[in-house]
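J.: Need a 3D model of the following:
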Amino acid sequence: MSQLQIKNLFKQYGNNTVVNDLSIDVESGEMLSLLGPSGCGKTTTLRMIAGMQTPTSGSILLDNRDLTYVPPHQRYVGLVFQNYALFPHLNVYDNVAFGLRRHGVPKSEIRQRVVAALQSVQLSDYTERFPAQMSGGQQQRVALARTLVLKPPLVLFDEPLSNLDAKLRQALGIEIRMLQKEYGFTGIFVTHDQDEAMVLSDRIAVMRQGQIIQIGTPQQIYTQPADPFVADFVGESNLLPVSNVTVEKGRWRTELANGQILRAEKSAATAPPTFAMVRPEGVQILPLGTQAKPVQGDEWHNCLHGTVSFIHYAGSSYLMGVTLEGIEKHFMVRIQDSQREFGLRVGDEAILQWDISRTLTF
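T.: Model (predicted):
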């Protein structure tokens, strides 16, 4: 297991700064995901760690060894690509054994390690097949085995699941996480998919415009987003602009564009917010006239009035969109199938109600 330290890393192309003063420590045996939209600098950061691109400035250290200008083949860092990068003329066994042969590992040890690596990715019966005879998921398992067989202290994953269908992505993501725990390597996983990052990571670094906006555990990123960008990018969210902010009974009292009131807990030494946010699963939706609390003025709940615009069935849950007068985006509510006893239909007027403590402000 190895510790990775990145200090004040910059990457510039002329006047364009792709990675901007990025610093981060990755602990031994930790899986860190770099999460962000296209063009945020996450892949460039990974390629600099791998040695495939040279930083404009800054340093990269692995177990206190400076790798900043070390050639890729001398870093002893594993890399799992998006496009598998298998040798088409070699069968599965030879693809996995290739790196060991290049390192001069004895033949008897090669066989032992290749068999163990293929067993770990559930491909023991595929040693004689060629990449063209395998599915995308199987090819990615071969690529993973080819990396793991070398027992690198650090493994870099460059969006390795993006070419797979949704169900296979989920299954292989879980397998990667289990293998990371089994082998104990330190991992950096680049993705734009928040669900992958949540499943795979000990911590997530959310990136935008070459910088880390927030870093924390998946739970911290989801429940305590640092700003509106993180709140909106990670998970489903209802992000609402607010104005006319005052303090009432120690809480924020804000107004939406349509004049409806939203309240939120007020932490110490914070400026008046400009946005309020609540997650869809934290909201209760009720037919107009059946709400348990007053529409406005309740001390513990927020209550908004709107019209149901769509209802989508999503297996174990329903995703409901509600139109609020004067608000452009639909307000989203997610409820479990068993909770839909009120029989709301598209076009019905409804009350959205949730505990004030669930409202986050920025």
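J.: domains of the chain?
T.: Here the domain parsing of the chain from automatic domain parsing is 4-233, 238-361.
J.: Reformat the ones you listed as TSV; add mean pLDDT and mean neighbour count.
T.: For every residue, glycine as well, the C-beta is placed using N, CA and C. Listed next are the domains of the chain as TSV, based on pLDDT from 0 to 100; neighbours: other C-beta atoms under 10 Å:
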stretch	mean pLDDT	mean neighbour count
domain 4-233	94	18
domain 238-361	87	16
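J.: what helices or strands is the host helix or strand of residue 351 leaning on?
T.: Residue 351 is located in strand 349-355, with elements delineated by DSSP states H and E. Applying 3 or more C-beta pairs under 8 Å, 6 or more residues apart in numbering; DSSP states H and E, one finds that strand 349-355 contacts strand 284-287, strand 301-313.
J.: Just checking: what are the partner strands of it?
T.: strand 284-287 (antiparallel), strand 301-313 (antiparallel) (DSSP bridges).
J.: out of the ones you listed, nearest to residue 57?
T.: strand 301-313 (47.6 Å; C-beta to C-beta).
J.: distance between the closest one and the chain's centre?
T.: Put simply, strand 301-313 sits 27 Å off its chain's centre (C-alpha atoms, centre = their mean, to the nearest Å).
J.: same question, stretch 7-17
T.: Worked out by C-alpha atoms, centre = their mean, stretch 7-17 lies 24 Å from the chain centre.
J.: And stretch 27-37, by the same measure?
T.: Worked out by C-alpha atoms, centre = their mean, stretch 27-37 lies 9 Å from the chain centre.
J.: what's in contact with that stretch?
T.: 1-3, 24, 26, 42, 45-46, 177, 180, 184-192, 194, 196-197, 200-208, 233-234 (C-beta atoms under 8 Å, 6 or more residues apart in numbering).
J.: What's the end-to-end length of that stretch?
T.: One end of stretch 27-37 sits 25 Å from the other (C-alpha to C-alpha, to the nearest Å).
J.: and what of stretch 22-40?
T.: Termini of stretch 22-40 sit 12 Å apart (C-alpha to C-alpha).
J.: now do stretch 215-234
T.: 12 Å.
J.: Give me the contact list for that stretch.
T.: Against stretch 215-234 from outside (C-beta under 8 Å, 6+ apart): 24, 35-37, 194, 197-198, 201-206, 208, 213-214, 235, 237, 239, 275, 277, 360, 362.
J.: ok, 7 Å please
T.: 24, 194, 198, 201, 203-206, 208, 213-214, 235, 237, 239, 275, 277, 360, 362 (C-beta atoms under 7 Å, 6 or more residues apart in numbering).
J.: And stretch 172-184, by the same measure?
T.: So stretch 172-184 is in contact with 1, 29, 31, 120, 137, 140, 144, 148, 161, 164, 187, 196, 199-200, going by C-beta under 7 Å, 6+ apart.
J.: from those, which single one is nearest residue 107?
T.: Among the contacts of stretch 172-184, and counting by C-beta to C-beta, the member closest to residue 107 is residue 148, at 19.4 Å.
J.: I figured that closest one hits residue 117, correct?
T.: Yes. Shown here, residue 148 and residue 117 form a contact pair, counting by C-beta atoms under 7 Å, at 5.2 Å.
J.: all helices for the chain, in order.
T.: Listed in chain order, the helices of the chain (DSSP state H) span 42-50, 92-102, 107-120, 136-148, 166-183, 194-200, 218-223, 228-233.
J.: Can I get the last one as PDB, trimmed to CA atoms?
T.: Listed next in PDB are the C-alpha coordinates belonging to helix 228-233 (Å, rounded to 0.1, in the frame of the first residue of the first chain):
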ATOM      1  CA  PRO A 228     -24.500  25.100  -5.400                       C
ATOM      2  CA  PHE A 229     -22.300  23.400  -8.000                       C
ATOM      3  CA  VAL A 230     -21.600  20.300  -5.900                       C
ATOM      4  CA  ALA A 231     -25.200  20.200  -4.600                       C
ATOM      5  CA  ASP A 232     -26.500  20.200  -8.200                       C
ATOM      6  CA  PHE A 233     -23.900  17.900  -9.700                       C
END
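J.: and that helix, how far from the chain's centre?
T.: 12 Å.
J.: do stretch 312-326 as well
T.: The answer for stretch 312-326 is 23 Å, by C-alpha atoms, centre = their mean.
J.: For it, measure first residue to last.
T.: 23 Å.
J.: Mind listing residues that contact that stretch?
T.: Counting by C-beta under 7 Å, 6+ apart, 257-258, 285, 304, 306-311, 330-337, 340, 350, 352 sit against stretch 312-326.
J.: at 8 Å what do you get?
T.: Looking at what lies outside stretch 312-326 - C-beta under 8 Å, 6+ apart - the contacts are 256-260, 280, 285, 304-311, 330-337, 340, 344, 350, 352.
J.: what ranges do the strands span in the stretch 251-362 of the chain?
T.: Using DSSP state E, counting those that start in this stretch, the strands found in the stretch 251-362 of the chain span residues 251-255, 261-265, 275-278, 284-287, 301-313, 317-323, 331-336, 349-355, 360-361.
J.: looking at the ones you listed, which is closest to residue 101?
T.: For the strands of the stretch 251-362 of the chain, distance to residue 101 was read as C-beta to C-beta. The smallest value, 50.7 Å, belongs to strand 317-323.
J.: Can you tell me the strand partners of the closest one and which way each runs?
T.: According to DSSP bridges, strand 317-323 has these partners: strand 301-313 (antiparallel), strand 331-336 (antiparallel).
J.: Dump the ones you listed into a markdown table; add distance to residue 112 as well.
T.: As requested, the strands paired with strand 317-323 are arranged in a markdown table below (distance: least, C-beta to C-beta, whole Å):
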| stretch | distance to residue 112 |
| --- | --- |
| strand 301-313 | 51 |
| strand 331-336 | 49 |
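J.: No further queries at this time; thank you.
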